[in-house]
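A.B. asks: Build the 3D model from these lines:
(chains A and B)
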2 protein chains.
Amino acid sequence: MDLKSYLKEQCARVDEALDQVLPKENELPHSLHKAMRYSVFAGGKRVRPILMLAACHAVGGGSQQAIPAACAMEMIHTYSLIHDDLPAMDDDDFRRGNPTNHKVFGEAIAILAGDALLTEAFKLLSDPRFAAGCSPAARLSVIQEIAACAGSYGMVGGQVVDMESEGKSDIDLPTVQYIHTHKTGALIKAAVVAGAILGGADEQKLAAITRYGAAAGLAFQIADDILDIEGTTEEIGKDAGSDQARGKATYPAVMGLAAAKEEAGIMMDEALRALEIFGDEAEPLREIAMYIVKRKN
Amino acid sequence: MDLKSYLKEQCARVDEALDQVLPKENELPHSLHKAMRYSVFAGGKRVRPILMLAACHAVGGGSQQAIPAACAMEMIHTYSLIHDDLPAMDDDDFRRGNPTNHKVFGEAIAILAGDALLTEAFKLLSDPRFAAGCSPAARLSVIQEIAACAGSYGMVGGQVVDMESEGKSDIDLPTVQYIHTHKTGALIKAAVVAGAILGGADEQKLAAITRYGAAAGLAFQIADDILDIEGTTEEIGKDAGSDQARGKATYPAVMGLAAAKEEAGIMMDEALRALEIFGDEAEPLREIAMYIVKRKN
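C.D. replies: Residues are numbered from 1 along each chain as shown, chains lettered A, B, ... in the order given. Predicted structure coming up:
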């Protein structure tokens, strides 16, 4: 398969759906809706929604039925970026080459735009307009999975430990593993698990997809750490080397660059092995796992 | 009925359940869970959860089945208070006589504690451990109602307009109505509607409870505006007169104190009228509506 075309097509599908489900700028409050849309449409690669659609497809589902949940996933990811960039957190002025939400709309609206994106995501996940093709019980499971992976035992927990570890010289591997599996890994795992549930996966397939998601999620974040060192500012859309400058807890910082690269490869292999029970229908998931480790941005 | 004892008992039930469902402080990340619990247990009156239990009871449900959702409602309310108090928003140092979350834990943790409480609320609403006595379809409806009332067309939207109206001299009644029905009213309405759905209400009862919730929610906020003027700092746990000092858009500011009091009474009457189809089982809802308008804190 031609991964580049596939990603481009899926990205366009997700963007179109996001435009439809997000609150409109001409609806009150205009400033809030403008801020929400600004960050959602600030050039994301839609990795999580595309993974969700691919997982749904892999287990034999029609990926159309996962589109609203895929949008919800991107809204949750976007809220987390808006809040992470705030002055009280990472204090970033740019994200993907654009001014961050609070630089454009002010801190108060940025906080509220994040809050609203998170809340609207759960509204979308429970929206009766998108009930076709999926039982209420399965939809509840999807909400459970996503909330668990985004909450205090998932993404938010990872962000807290990441923040508290910054600048400390004695961070060990288990701490970096905790940060990565929680901060980034959890939501990526949730994306594929939710996609598989929406696609009607049986227990065996769901277990395989879960294993894939955990490995791919960790690989993604290790690759991100490596990119921060090896990528150019232009490629990655933010200052290259910023993790190191801040004393961030990363894989290369703890185990060295070569070992981190090896670890990313091991995780990619683990993700591919998890998919052995699938045929061609899991080809997009396989290609994405390889892309995650080899990407340049 | 003895409302004081009733509220005390229900408050204790909700507090006990909250203690059970909230992440424990000895679980990672400790600082986050400590901050979440700090604000949840900072002396709230549990108005929204108690209303939810009372609405569930009014339509003939066993209120036990609404307890987890009642906790979720209080978690969402608490997240909104933590974020409202932030320096970038209302910049409040005290809430109910205690230092606000960011004063104790710092801004970053306060933002994340709010995010986590909101997310964990949706985790609780979809938790399979609390599935007994309620169909998955009804639970999805509850999530939909709560997310809609808490999101950009509800509570967050109200907070944005409230903030943007602060200090403006030309705020009109429709704007104040928008702020109050969205910022406070929406979540109170969601509480009773969700309680009624969980209690198995038929269409007629659900419509009556919805009407009650809209009126009681507005009455609650107008009464709050009045208390800010007439209450003492000790009674209300924050600086009396602070709305006026900030140029907040309130009912008394727009229509005068006497007319605001009259409006609160009208809303209370409307709430009571909505309950005419119910018998004794709605007595707690009636008493709470009267209490909302006459309370001193």
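A.B. asks: alpha carbons only for contacts and neighbour counts from here, please
C.D. replies: Will do.
A.B. asks: So which bits of the stretch 51-200 of chain A are right by chain B?
C.D. replies: Contact residues (C-alpha under 8 Å from any C-alpha of the partner chain) of the stretch 51-200 of chain A with chain B: A:83, A:88-89, A:107-109, A:111-112, A:115-120, A:122-124, A:126-127, A:136-137, A:139-141, A:143-144, A:147-148, A:150-153, A:156-157, A:160-161.
A.B. asks: do that again at 7 Å, thanks
C.D. replies: Within the stretch 51-200 of chain A, the positions near chain B by C-alpha under 7 Å from any C-alpha of the partner chain are A:88-89, A:107-108, A:112, A:116, A:119-120, A:122-123, A:126-127, A:136-137, A:140, A:143-144, A:147-148, A:150-152, A:156-157, A:160-161.
A.B. asks: Just the residues you listed: which are in strands?
C.D. replies: Within these, no residue falls in strands by DSSP state E.
A.B. asks: Which ones among the residues you listed lie within helices?
C.D. replies: Using DSSP state H, the members of these that fall in helices are A:107-108, A:112, A:116, A:119-120, A:122-123, A:136-137, A:140, A:143-144, A:147-148, A:150, A:156-157, A:160-161.
A.B. asks: Any regions of the stretch 101-250 of chain A where pLDDT drops low?
C.D. replies: Scanning the stretch 101-250 of chain A for pLDDT under 70 picks out the ranges A:237-238.
A.B. asks: Run a quick neighbour tally on A:Ala245.
C.D. replies: Other residues near A:Ala245 number 10, with proximity taken as other C-alpha atoms under 10 Å in any protein chain shown.
A.B. asks: Remind me which helix or strand it belongs to.
C.D. replies: helix A:242-246 (DSSP states H and E).
A.B. asks: from the chain's centre, how far out does that helix sit?
C.D. replies: Taking C-alpha atoms, centre = their mean, to the nearest Å, one finds the center of helix A:242-246 at 22 Å from the center of the full chain.
A.B. asks: Run through the neighbouring helices and strands of the helix or strand following it.
C.D. replies: Tracing the chain past helix A:242-246, the next element assigned as helix or strand by DSSP H and E is helix A:251-255. With contacts defined as 3 or more C-alpha pairs under 7 Å, 6 or more residues apart in numbering or on different chains; DSSP states H and E, helix A:251-255 has these neighbours: helix A:203-230.
A.B. asks: The helix it packs on packs against which elements?
C.D. replies: helix A:186-198, helix A:251-255, helix A:257-274, helix A:283-294.
A.B. asks: neighbouring contacts of the longest one?
C.D. replies: Outside of helix A:257-274, the residues within contact range by C-alpha atoms under 7 Å, 6 or more residues apart in numbering or on different chains are A:208, A:211-212, A:215-216, A:219, A:222-223, A:251-252, A:286, A:289-290, A:293.
A.B. asks: Could you check that helix and say which residues are buried?
C.D. replies: Applying a neighbour-count criterion of 16 or more other C-alpha atoms under 10 Å in any protein chain shown, one finds A:257, A:260-261, A:263-265, A:267-272, A:274 buried in helix A:257-274.
A.B. asks: Tell me how many other residues crowd A:Pro136.
C.D. replies: Other residues close to A:Pro136 by other C-alpha under 10 Å number 20.
A.B. asks: Can you add distance to A:Ala70 and give the helices and strands packed on helix A:203-230 back as TSV?
C.D. replies: Shown next, in TSV, are the helices and strands packed on helix A:203-230 (distance: least, C-alpha to C-alpha, whole Å):
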stretch	distance to A:Ala70
helix A:186-198	8
helix A:251-255	29
helix A:257-274	21
helix A:283-294	15
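A.B. asks: Look up how far chain B lies from A:Leu28.
C.D. replies: A:Leu28 is 7 Å from chain B, where distance means C-alpha to the nearest C-alpha, to the nearest Å.
A.B. asks: How about A:His102?
C.D. replies: A:His102 is 11 Å from chain B, by C-alpha to the nearest C-alpha.
A.B. asks: so who does A:Thr184 touch?
C.D. replies: A:Met155, A:Gly217, A:Gln221.
A.B. asks: got it, and A:Ala201?
C.D. replies: If a contact means C-alpha under 7 Å, 6+ apart, then A:Ala201 has A:Val59 as its contacts.
A.B. asks: same check, this time on A:Ala42
C.D. replies: A:Ala42 touches nothing, counting by C-alpha under 7 Å, 6+ apart.
A.B. asks: On the three-state scheme, it is what?
C.D. replies: The three-state assignment at A:Ala42 reads coil, by DSSP: H, G, I helix; E, B strand; the rest coil.
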